[in-house]
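Trainee: I'd like to go over a predicted model; first the sequence, then the structure.
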Amino acid sequence: MYLNKVMVFGNLTRDPEVRALPNGGNVCSFGIATNRVYKKQDGSKAEEVEFHNIVTFGKLADLCAQYLKKGSSAYVEGRLKTRSWDDKDSGKKQYKTEIVADTVQFGPRSAATGGGAPKERTTDAEAPQKAPKDDAIDYPSEDINPDDIPF
């Protein structure tokens, strides 16, 4: 059995671009940047950044175009796919490796990224009340003896 599975969590490097396919469906493409922080041999910290091209289709493409934007975080699960084409200008074969997403989970939306609705202020009178204790149950006051349990 072979496995082609990719999981990345990072920030979008550009706004999602939506295009229509000839069959009527949509395709959405965007980039995600991930980073890795590690220690060099001399003890100093170093950071390595990777850029990933993401492609989504159908309903997922519509949702990504609607809710994602540059700078927002997302978790993507999918598979690797390498496309190739002949470049008309140079005559050379070009390659592009992309992640074809099966699942996209949108990261938290903060006020800094422009997401989310403003929080409404509530007064003490409007605040939700705690549920009252249920006084209908009459619990025994004595301890239960394990020998009295029939099983």
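Mentor: Everything's here; your move.
Trainee: tally up the residues packed near the residue nearest to Phe9 when sequence neighbours are not counted, please.
Mentor: Residue nearest to Phe9 in three dimensions, not counting chain neighbours: Tyr75, with 4.5 Å by C-beta to C-beta, 6 or more residues apart in numbering. C-beta coordinates here come from the backbone N, C-alpha and C atoms, glycine included. Tyr75: 14 surrounding residues under other C-beta atoms under 10 Å.
Trainee: got the contact list for Tyr75?
Mentor: Counting by C-beta atoms under 8 Å, 6 or more residues apart in numbering, Tyr75 makes contact with Met7, Val8, Phe9, Thr103, Val104, Gln105, Gly107.
Trainee: next, count neighbours for the fifth one.
Mentor: One way to gauge burial is a neighbour count; for Val104, by other C-beta under 10 Å, it gives 21.
Trainee: how far does the helix or strand it falls within sit from its chain's centre?
Mentor: For Val104, the host element (DSSP states H and E) is strand 93-106. The chain centre lies 14 Å from the centre of strand 93-106; the measure is C-alpha atoms, centre = their mean, to the nearest Å.
Trainee: which one of the contacts of Tyr75 is nearest to Gly31?
Mentor: Closest approach between the contacts of Tyr75 and Gly31, by C-beta to C-beta: Val8, at 10.9 Å.
Trainee: re the thing from before, closest one of the contacts of Tyr75 to Asp148?
Mentor: Gln105 (51.3 Å).
Trainee: would you map the helices across this protein?
Mentor: Assigned by DSSP state H, the helices in the chain fall at 58-67.
Trainee: low-scoring pLDDT stretches of the protein, where are they?
Mentor: Within the chain, the stretches with pLDDT under 70 are 110-141, 151.
Trainee: gap between Lys45 and Val37?
Mentor: Look at Lys45 and Val37: by C-beta to C-beta, to the nearest Å, they are 6 Å apart.
Trainee: got it, and Tyr75?
Mentor: To Val37, Tyr75 is 19 Å away according to C-beta to C-beta.
Trainee: no further questions, thank you.
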